[in-house]
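Colleague: Got a predicted structure plus its sequence, pasted below:
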Amino acid sequence: MDRADVIILGGGLVGLALAAALDASGLSSIVVDPADPDTRKTAAFDGRTSALSSSSRRMFDTIGISDHFPVPGCPIRRIEVADGLEPGGLAFDPGDDDEPLGWMNENRHLRAALFARAEAGKNIWLMWKAKAAAVERGDHGVTVRLEDGRVIGAPLLVAAEGRNSPMREAAGIRIARWKYDHSAIVSTLRHEQPHDNVAYEIFYPSGPFALLPMTDVEGGHRSAIVWSVRAEDAAGFLSLSDADFSAEAEAAMGGFLGQIGLLAPRSTYPLGFHHAARITDHRLALIGDAAHGIHPIAGQGVNLGYRDAAALAQVLVEGARLGLDLGDQQLLTRYQRWRGLDTFMVSLATDSLTRIYGIPGRTASTVRRFGMGLINRIGPVKDRLMAEARGTSGDLPLLLRGLPI
């Protein structure tokens, strides 16, 4: 039986980040995933982009993931928030000498960097095209029997399988879940005017329109869009010709980046919310979408997962230095307390924003713009919101501060 310090079920963005964080401090992990990794590295598999918060980027730098980026990310130096195209929006502008608010990366480039870092790890065993057939979480450790007959063991099992985590369901962990009556349409646009590293979030009653800066390529300036539309309208938006869809997007943007066109096929996915009642069980920890899933309104979804990975890695590394069993309940309790409140508060905030900005009518719009104007004028409140965007608020794990464990 192959043994490691941790077994990670799920080799996605968060699971591989945890493996790298453990490897950087000398702990070993076995990553089990049924997918073929070669199929995940193309835009055809996932043409989306993700905003890495500044704290997540520090972790990537510290544990060596950033060294493997095939293309540098695009820094976000300013965020502008507006209620429709009305004046009186909110701007987060930390200044040229300050740390960016985040970094935009194509998901395929994130995956390529995480795969390369995992393959370079001295303490990471990658078991692709493998699936758990049976899991036993006993008093003295975890045993996983794979469908191909191999058996692996560890003191702790980590579920990083995504929002429909089989391990979470098998453990009987209850989950609060609901669907928003919206779907997100994602694509990449080219535009005449430079984006100047500005991210835009334009709120409409039908859903927010996010425009996110990307690195320029030969032939023009690029930005990613995440356009939340009513679920019943999504098929109609996808059926439009590229020219007609571009015209609709240009109108939603107010035309401030000039003429636009599509650089990538459009895709859509339903939007929902879920939050696990707890993120630990006997010799089990949940991270990433297995533990929580939120609306993309603030671009914090995957960053919550990286915060999980950083906190769990620190708990385990410090526990190992004390000679503790890595599946010990006191370690899991520390992880639960550390991450439980933070994920709940971020989830609550994003859900509340979604509902507040979804209220139609001139009166509601006026109240929202008045509130944004107040925030613009109250420095401490605005600074706190910028810290939230960077992922630098609260009790940060060492890796998110750019420090090794």
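Modeller: Right, received. Where do you want to start?

Colleague: from here on, contacts and neighbour counts on C-alpha atoms
Modeller: Noted.

Colleague: Leaving out chain neighbours, which residue sits closest to Phe237?
Modeller: Phe245 (6.8 Å; CA to CA, 6 or more residues apart in numbering).

Colleague: Where does the one you found fall, secondary structure wise?
Modeller: Taking DSSP states H and E as the criterion, Phe245 maps to helix 242-253.

Colleague: Next: Phe60.
Modeller: Secondary structure from DSSP H and E places Phe60 in helix 54-62.

Colleague: which strands and helices sit next to the next helix or strand along the chain from that helix?
Modeller: On the C-terminal side of helix 54-62, the closest following helix or strand by DSSP H and E is strand 74-76. Packing partners of strand 74-76 (3 or more CA pairs under 8 Å, 6 or more residues apart in numbering; DSSP states H and E): strand 102-106, strand 207-217.

Colleague: Tell me how far strand 74-76 lies from the chain's centre.
Modeller: 16 Å (CA atoms, centre = their mean, to the nearest Å).

Colleague: could you give the angle of the helix or strand just after that strand to strand 102-106?
Modeller: Counting by DSSP H and E, the element after strand 74-76 in chain order, helix or strand, is strand 78-83. Going by axes from the mean of the first three to the mean of the last three CA atoms, to 10 degrees, strand 78-83 is angled at 90 degrees with respect to strand 102-106.

Colleague: quick one: strands adjacent to strand 78-83?
Modeller: strand 90-92 (antiparallel), strand 198-204 (parallel) (DSSP bridges).

Colleague: least reliable of those strands going by mean pLDDT?
Modeller: Note on the strands paired with strand 78-83: strand 90-92 shows the lowest mean pLDDT, a mean of 75.

Colleague: Mind jotting down where the strands sit in the stretch 201-350 of the chain?
Modeller: Using DSSP state E, counting those that start in this stretch, the strands of the stretch 201-350 of the chain run over 207-217, 220-230, 260-262, 267-276, 280-281, 284-286, 292-293.

Colleague: can those go into JSON lines with extra columns for distance to Asp97, mean pLDDT and mean neighbour count?
Modeller: Formatted as JSON lines, those follow (distance: least, CA to CA, whole Å; pLDDT from 0 to 100; neighbours: other CA atoms under 10 Å):
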{"stretch": "strand 207-217", "distance to Asp97": "19", "mean pLDDT": "87", "mean neighbour count": "22"}
{"stretch": "strand 220-230", "distance to Asp97": "23", "mean pLDDT": "89", "mean neighbour count": "23"}
{"stretch": "strand 260-262", "distance to Asp97": "31", "mean pLDDT": "90", "mean neighbour count": "19"}
{"stretch": "strand 267-276", "distance to Asp97": "36", "mean pLDDT": "87", "mean neighbour count": "18"}
{"stretch": "strand 280-281", "distance to Asp97": "41", "mean pLDDT": "97", "mean neighbour count": "21"}
{"stretch": "strand 284-286", "distance to Asp97": "37", "mean pLDDT": "98", "mean neighbour count": "26"}
{"stretch": "strand 292-293", "distance to Asp97": "33", "mean pLDDT": "88", "mean neighbour count": "25"}
